[in-house]
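Trainee: coordinates only, sequence not included:
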Ligand SMILES: [Zn+2]
């Protein structure tokens, strides 16, 4: 069914974007920021979506590329 694609809301501008065109990003939310050692335990991840223009604007593509390069070489 074309045109019946699920829409996601851009976390930045609130625009509705087809999921296939949206850019998913994971935002880490840290609780109890004072304990740095145990910080990871309180990390929560929320998946957010951005429309293409916001993703570009926020440099998510660049970040994802950099992440891929980093993980790719290390692991
Ligand atoms: Zn947007």
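Mentor: On my side now, so go ahead. Keep in mind it's a predicted model, so treat the numbers as computed, not measured.
Trainee: Could you pull up the residues touching the residue lying closest to residue 5 once chain neighbours are set aside?
Mentor: Distances taken as Cβ to Cβ, 6 or more residues apart in numbering place residue 18 nearest to residue 5, at 4.4 Å, with adjacent residues excluded. Bear in mind the C-beta positions are built from the backbone N, C-alpha and C, glycine included. Neighbour list for residue 18: 5-8 [criterion: Cβ atoms under 8 Å, 6 or more residues apart in numbering].
Trainee: quick one: average pLDDT of stretch 63-75?
Mentor: Stretch 63-75 shows a mean pLDDT of 75 in the predicted model.
Trainee: Correction: the previous question concerned stretch 22-30.
Mentor: Mean predicted confidence for stretch 22-30 is 83.
Trainee: per-residue pLDDT, the residue nearest to residue 5?
Mentor: On pLDDT, residue 18 comes in at 93.
Trainee: gap between it and the ion?
Mentor: 13 Å (Cβ to the ion, to the nearest Å).
Trainee: quick one: least confident of the contacts of residue 18?
Mentor: Among the contacts of residue 18, residue 5 carries the weakest pLDDT, at 79.
Trainee: Ramachandran coordinates for that residue?
Mentor: Note on residue 5: backbone dihedrals following degrees, to the nearest 10 are phi -70, psi 150.
Trainee: which residues touch it?
Mentor: 18-20.
Trainee: how about the strands of the protein, start to end?
Mentor: Remark: strands assigned in the chain by DSSP state E are 7-9, 16-18, 23-30, 43-50.
Trainee: Taking the centroid of this protein, which residue is nearest it?
Mentor: In the chain, the residue lying closest to the centroid (Cα atoms, centre = their mean) is residue 25, at 1.0 Å.
Trainee: Surely it and residue 49 touch.
Mentor: Yes: counting by Cβ atoms under 8 Å, residue 25 does reach residue 49; the two are 7.4 Å apart.
Trainee: any residues in contact with both of the two?
Mentor: residue 11.
Trainee: of all the residues in the chain, which ones are close to the ion?
Mentor: Contact residues, the chain versus the ion (Cβ under 5 Å from the ion): 10, 12-13, 15, 51, 54.
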